[in-house]
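# Coordinates for the following, if possible.
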Amino acid sequence: VTASILCKIFEAKMSTDDELQTKKPWVQWILFGINGLVISAIPIYLYISIFAMSSPTFLPLFVIGTLASAVLLALSTKDIALQIQARLAKYRTYQVKVPEEVEKKGKPDVQKAKEEKRQHLLTLESVSSALLYTNLLFLLSFIVLAFFLFKSLDGPFNYGMSMLASSGILFLSKNDVGTTPSDARKKK
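Model prediction:
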């Protein structure tokens, strides 16, 4: 739900500014940062309700764990979005229309406008896919680690280990996104 809302905001911002990628990359960082904060803060509710970690003594742990995880998630999402975009650029062809004013200017302007529109669509698709992938992988790995692997640990240690490991798994797996077995063989 959060990713779809953020993607709609991102799409609305991109539709008002076609040169977002080259001139305003901070908008993507804001999107990825907010997404990382929201997704990293979700486990706090579980620890407050299940492990009864609601006292103020655990607040620093929650803040540090959430911020560190949000930074790793934002970095991972950005890298994954770039990998997906590069991969999609090879295979996607979009039928794009350009405004009549651009068509009247001449062929070079039409080609440039079509390429910008294509990049815009590739960016939207790659950002949406990257948000879905990172959110899903983070939450699934967190649930497996917190409730199965580290279930015997105390609440604070369980939280710290689960957040660190889930973010670390995602951060380290970002290089494997978008590669097929044939691509992996080519690297060797």
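
# Look up how far Ala74 lies from Phe150.
Distance of Phe150 to Ala74, given as Cβ to Cβ, to the nearest Å: 24 Å. Just so you know, the C-beta spots here come from the backbone N, C-alpha and C atoms, and that holds for glycine as well.

# who's more crowded, these two?
Ala74 (22 against 17; other Cβ atoms under 10 Å).

# so the more buried one touches Ser40, yeah?
No: assessed by Cβ atoms under 8 Å, Ala74 is found out of contact with Ser40, at 9.8 Å.

# got the CA positions of stretch 136-149 in PDB?
Only the C-alpha atoms of stretch 136-149 are listed here, as PDB (Å, rounded to 0.1, in the frame of the first residue of the first chain):
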ATOM      1  CA  LEU A 136       8.900  -7.800  -0.200                       C
ATOM      2  CA  LEU A 137      12.400  -9.200   0.300                       C
ATOM      3  CA  PHE A 138      13.000  -7.100   3.400                       C
ATOM      4  CA  LEU A 139       9.700  -8.000   5.100                       C
ATOM      5  CA  LEU A 140       9.900 -11.700   4.300                       C
ATOM      6  CA  SER A 141      13.500 -12.000   5.400                       C
ATOM      7  CA  PHE A 142      12.600 -10.100   8.600                       C
ATOM      8  CA  ILE A 143       9.700 -12.400   9.400                       C
ATOM      9  CA  VAL A 144      11.800 -15.500   8.800                       C
ATOM     10  CA  LEU A 145      14.700 -14.200  10.900                       C
ATOM     11  CA  ALA A 146      12.700 -12.700  13.800                       C
ATOM     12  CA  PHE A 147      10.100 -15.500  14.200                       C
ATOM     13  CA  PHE A 148      12.100 -18.600  13.200                       C
ATOM     14  CA  LEU A 149      15.900 -18.100  13.300                       C
END
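
# Now tell me what touches that stretch from outside.
The contact list for stretch 136-149, computed with Cβ atoms under 8 Å, 6 or more residues apart in numbering, reads 39-40, 42-43, 46, 69, 73, 158-159, 161-163, 165-167, 169-170, 173.
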